[in-house]
Structures are given as structure tokens and as C-alpha cells.
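Asks: model this:
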Amino acid sequence: MIIGILKEPQDESRVALLPEAVKTLLSWKVSVWVETNAGARAYASDELYKEAGAEIHSRQEILMQSDLLIGIQPITQSEISGLKSGAVLMGQMGALFNPELTGYLIKEKKTAFSMELVPRTTRAQSMDVLSSMATVTGYKAVLMAANLLPRFFPMFMTAAGSITPARVLILGAGVAGLQAIATSRRLGASVFAFDVRQAAKEEVLSLGAKFVDVEGAKEDKGAGGYAVEQSAEYLQKQKDTIHEHALKADIIITTAQIPGRKAPQLVEERTVRAMKPGSVIIDLAASSGGNCALSQPEQTVEVNGVRIVGVGNLAASMPQDASKMYGKNYLNFLKLIIKDGNLNLNFEDDIVTGTCVCHAGNPISPRIIQMQSN
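Replies: Below you'll find the predicted structure:
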């Protein structure tokens, strides 16, 4: 069996598997083909892949001959149609946000796995690419904010007087939010965090931040640790509370998302216009609608001296460690579907089923089946 590792588009610096992962794959009795310069932007040369035992091939050769194609960003529809019969495609395809691609995979009777569909369960934790990349994103978001803020993060006692610590408000205490809290605290900021899930409160407090409480949130134990949609009454109470805290904040980092749906709007236009000039908002949900009413994907907008940065793929700004983490997630997942050098797709395994967009054109993941029925 040939596993092909693809080079990502120009705006993506990560690679799905680094040379260190090749040795593991070879021990599973498979061949590994790597597209020319696939790892160059993650500082993994073709020579390093060769030393690990991989073969270097052109993109066309890999697309036409691989039994399992591994990447991060989705490949084009024309490339999908040209895959060999029975080939399996794996990547982070945004299957719930990209119904056109999902529909095309089904129409072309392909087998595909989309890694953002990995269930949020204890057993699947080591395969969860969203959590891994959120760790990178939360860290980098704070560094970006610190670079843009016209003042220090920590408190300083100087001959010129005392500098008070910056005040950071984190909206959403998932993996990215918790990493943002930890990084902000390391830099000496005073940190406040909000999350609709009461279960997040203990984690927030353990990292040294103060929890912003809004009573009356609806929770769903079946949501896999994600937030769920809330009532109009709660949402207004939430926005009013965030508004009050935002007026005192120097930095707001927003991380709240709901899988398959538009990101909840947490920071209203009135809030932005009332914030202190020089304040910074980093919106990590900009690509799925934005948590801030004025954010734009991949753009920086300035309103009354407040800079709103809509960021998307921040993980790509740290390609070495992001690729390392991504590769570990992939290897842990591949253990489930490779046996004795061949593909073994066990759809009785909830992780395999939950992650599979479609098999030979048949929708498999319950979330994809639900999306198709709507």
C-alpha cells in the first residue's frame, strides 16, 4: 500500500506528516511517497524524508497511484476526480462548512476522512487535530495581541513610575481560550475569561484568571464539550455582561465557535465603539462569521482607535511544532485503519465512523448524514 503525503497550497506552511513520522509508517509495512518540497515551509527537506525512507515523487504521480492520500487543506475537485479507484482521501476538509466539497465527494463515490470530525471523546483525544491546532492558535493570538498593544502586558516598577498590568478578556475557554489564558498570565497580564459552559470555570480559575459568570446558560452533555445555541434572553444578558467587561479591557481574544454553524456574535458594534483607543481585539472565529460584529476574515479593521484582527489559520505561523502535533494526531488515527500493511476500515469503531465523510459515496459520519438531510 502506498501512502502519499501532499504539499499544501501556497498559503499553508504546515505539512501533514514530518520525516519523523515516516519511520513509524514504514514499520507498518507500507510505502511512503512524499510530494516534492512538501515539507519545505515546515523546514523539512526532501533529503530528510529520503533519509527516513520515503520516496519523493511529483504531485501527479502521488495523486494517481496512492492508496491513501494525506494532506491538511482539501485538494481540488479535478484532483479528486482523478484519484485511483478505491483511493482514500484524508485531510481537514471543513466537511460541515463546505457542503459543495462534501457533496462532490459523495457524488464521485469517494472515500474520505475529515479530521475535524474526530469525536470529542477521551479515546479520541490523541487524534483531535482541532485541539492540537487550537493550542497553537491560542498561544500565537496572545503574542499577536501583545505586539499590537501600545503598552506592556506585565506590571513594572520603574524609576519613571509604576506600569499597571494589561487587562485581557478571553471569550471562550476551550483549548484555544485556555492556552490564551495561560500565555497571557505568563506575560503578566490580568486575565478575565467567559464561557457559557460552567464546567470551564474550574479550569479558568486554575490558570489564575477570573471567571466572568452569566447565569442561565443552556448546556448539552451530548455536544462533545462544545458550546450550544442559547436563548435570545440569555444572549442579550451575555452581550451586556461582555460589554461591561470590554470597556475595561485592553485586549479581547475571542475563540467561541459552534461546529457546523455560524460563530456566535459576542462583541457588538456598540461595544467596540465604546472601548478604549489602543485596545486590540483578536477574533479567532472570523473565518466562520466572527465573534465580533466588525471583524473581517484575514483583515485588520480599525474603529475609533480599536484594532480588530480577524485571523484564520494562525497555526500555520508556527509550522514546525504545528506539523509535529498534526502528525502525531494522524499517526494515532492511522493505527485504527491500517493493519498488516493494508487499509482496514472498521465502521464499528465510533472514531472511524465519526470521522468518515463518506465511503464509496455513502455518507458515514452521523454529522454528515444529518447535514445531508437538512
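
Asks: mean confidence score for stretch 314-324?
Replies: Over the span of stretch 314-324, the pLDDT mean works out to 96.

Asks: Ends of that stretch, what's the gap?
Replies: Start-to-end span of stretch 314-324 (Cα to Cα, to the nearest Å) is 15 Å.

Asks: ok, now which ones touch Glu215?
Replies: Lys237 (Cβ atoms under 8 Å, 6 or more residues apart in numbering). For the C-beta atoms, the positions are set from N, CA and C on the backbone; glycine is no exception.

Asks: ok, now how distant is Lys328 from Ala293?
Replies: From Lys328 over to Ala293 the distance is 37 Å, taken as Cβ to Cβ, to the nearest Å.

Asks: and those two? which has more neighbours close in?
Replies: Lys328 (19 against 15; other Cβ atoms under 10 Å).

Asks: right, and that one touches Val129 too?
Replies: No - the pair Lys328 and Val129 does not pass the contact test of Cβ atoms under 8 Å, sitting 9.6 Å apart.

Asks: which residue ranges form the strands in the stretch 1-150 of the chain?
Replies: Along the stretch 1-150 of the chain, counting by DSSP state E, counting those that start in this stretch, strands occupy 2-5, 31-35, 55-57, 68-70, 88-91, 111-114.

Asks: between those strands, which one is nearest to His243?
Replies: strand 111-114 (36.6 Å; Cβ to Cβ).

Asks: What score does the residue nearest to Lys107 when sequence neighbours are not counted have for pLDDT?
Replies: Nearest-residue entry for Lys107: Gly361, 7.2 Å, with adjacent residues in sequence omitted and distances by Cβ to Cβ, 6 or more residues apart in numbering. Model confidence at Gly361, given as pLDDT, is 93.

Asks: Tell me how many other residues crowd Gly361.
Replies: Gly361 has 13 nearby residues by other Cβ under 10 Å.

Asks: again with Arg41
Replies: 18.

Asks: Please report how far it lies from Tyr234.
Replies: 43 Å.

Asks: Ok, Ala95 next?
Replies: Ala95 is 29 Å from Tyr234, by Cβ to Cβ.

Asks: and what of Gln73?
Replies: 36 Å.

Asks: What segments of this protein are helices?
Replies: In the chain, the segments counted as helices under DSSP state H are 19-26, 46-52, 59-65, 77-81, 99-107, 129-148, 175-186, 200-206, 232-246, 269-274, 319-337, 350-355, 366-373.

Asks: Find the one among those with the highest mean neighbour count.
Replies: helix 175-186 (a mean of 24; mean count of other Cβ atoms under 10 Å).

Asks: Against which helices or strands is that one packed?
Replies: If you count contacts as 3 or more Cβ pairs under 8 Å, 6 or more residues apart in numbering; DSSP states H and E, helix 175-186 packs onto helix 129-148, strand 167-171, strand 190-194, helix 200-206, strand 251-254.
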